[in-house]
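Student: what follows is a protein structure lacking sequence information:
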């Protein structure tokens, strides 16, 4: 659930590899490692049927984004030679293997800078290139997000390093029953400071998310570089901390379901799947804006560029496919679709993009929201230090 933490898991990555289509051992193959649950199986089958040639598609779902990032790191490590212990040479899939078999990998936008800096991935195309036929269908905001220089920073003259295929946001999720007693419901970040919520809130254990929502309450940006220049920031954080029962990036929904907490801040990818199962829960995107995340297709370094992987990206960007990905994975699409309110389950309507909500509400919130962009190291340390300080 922790989409953006750089505390990489030390456990062994277990892949559950799935085959879609059967083209024979000598057939052209497309091999993809993707975030589990981010692409419906029927979309892959439809892509297979749309191809003019006989191919074999191998899609391996992986549980967490950080595991995918770690795999990219492992693939680029040079294997040991003469000093390597004899027995370790025979361990399959050991660290140091090259990513010769994987054409595309899911990566979160927050990890893109690190992947570029560490030379773990290669560009999908030059900015003026035309390999990706559906590139022009993307809103300029999405193009800007993935167009970067070789240091991983935003650069309109850079190269295209990723292809966004779905996105979500940080939301407030709350227990309807408990708030009925209070006589109001959360609508914005400022509501987290209201009376009646002391020791009733859980927040993500993430400096950028927690400090970011306070910055947003104060009319500032999530990507503020110098926190010392924001008046009352620490005071607001300390007041909010008195309302918080605990901080967690992966176990914040269970206490909410049980009634131990009344409200939580979490990622829509975690929250949306449970709303239909627990009628006492509701969620809202704060009207002053929030943090946005995106899942991207990236190409590992050292992989030969192939037309089949470009075809897959373009297929994901076709409006009919984008609609399926959005509706079935309960996320939003970077491509304009003909999703209407009736396509979306009622509890999810105000959180997912549709023609109705896009025009009336979600577009305004989206315009006020921000991606968590990379900060310079001194700024990152400032966020971490302040976060640790106010939690004491």
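Tutor: Cool, got the structure. Keep in mind that this is a model prediction, so the values were computed, not measured.
Student: off-centre distance for the helix or strand containing residue 31?
Tutor: When secondary structure is defined by DSSP states H and E, residue 31 falls within strand 28-35. Counting by CA atoms, centre = their mean, to the nearest Å, strand 28-35 is centred 19 Å from the centre of its parent chain.
Student: for stretch 182-190, same thing?
Tutor: That offset, for stretch 182-190, works out to 26 Å (CA atoms, centre = their mean).
Student: over to stretch 207-215?
Tutor: 17 Å.
Student: neighbouring contacts of it?
Tutor: 4, 170, 189, 192, 203-204, 221-222, 224, 227, 230, 233, 236-237, 240, 247, 265, 286, 290-291, 372, 383-384, 386-387 (CB atoms under 8 Å, 6 or more residues apart in numbering). In this view, the C-beta of every residue, glycine as well, is placed from N, C-alpha and C.
Student: and that stretch, what's buried?
Tutor: Residues of stretch 207-215 classed as buried: 207, 208, 209, 210, 211, 212, 213, 214, 215 (neighbour count, 16 or more other CB atoms under 10 Å).
Student: let me see the contact set for residue 291.
Tutor: Counting by CB under 8 Å, 6+ apart, residue 291 touches 169, 170, 208, 209, 212, 213, 222, 369, 370, 371, 372.
Student: need the pLDDT of it.
Tutor: Looking at residue 291, its pLDDT is 96.
Student: give the burial count for the nearest residue to it once chain neighbours are set aside, as a bare number.
Tutor: Nearest non-adjacent residue to residue 291, counting by CB to CB, 6 or more residues apart in numbering: residue 170, 4.4 Å away. When counting by other CB atoms under 10 Å, one arrives at 25 neighbours for residue 170.
Student: tell me how far residue 170 lies from residue 294.
Tutor: As defined by CB to CB, to the nearest Å, residue 170 lies at a distance of 13 Å from residue 294.
Student: got it, and residue 207?
Tutor: 20 Å.
Student: where does this protein have its least confident helix or strand?
Tutor: Within the chain, no helix or strand scores below helix 355-357, which has a mean of 38 by mean pLDDT, DSSP states H and E.
Student: ok, residue 61 to residue 32 distance?
Tutor: Distance from residue 61 to residue 32, by CB to CB: 10 Å.
Student: for residue 373, pull up the helix or strand it's in.
Tutor: Per DSSP H and E: nothing holds residue 373, as it lies in no helix or strand.
Student: mind checking how far the closest residue to it other than its chain neighbours is from residue 108?
Tutor: Leaving aside its sequence neighbours, residue 373 sits nearest to residue 223 (CB to CB, 6+ apart; 4.8 Å). Relative to residue 108, residue 223 is positioned 16 Å away (CB to CB).
Student: what stretches of this structure score poorly on pLDDT?
Tutor: Of all residues in the chain, those with pLDDT under 70 make up the ranges 1-27, 78-100, 127-130, 337-364.
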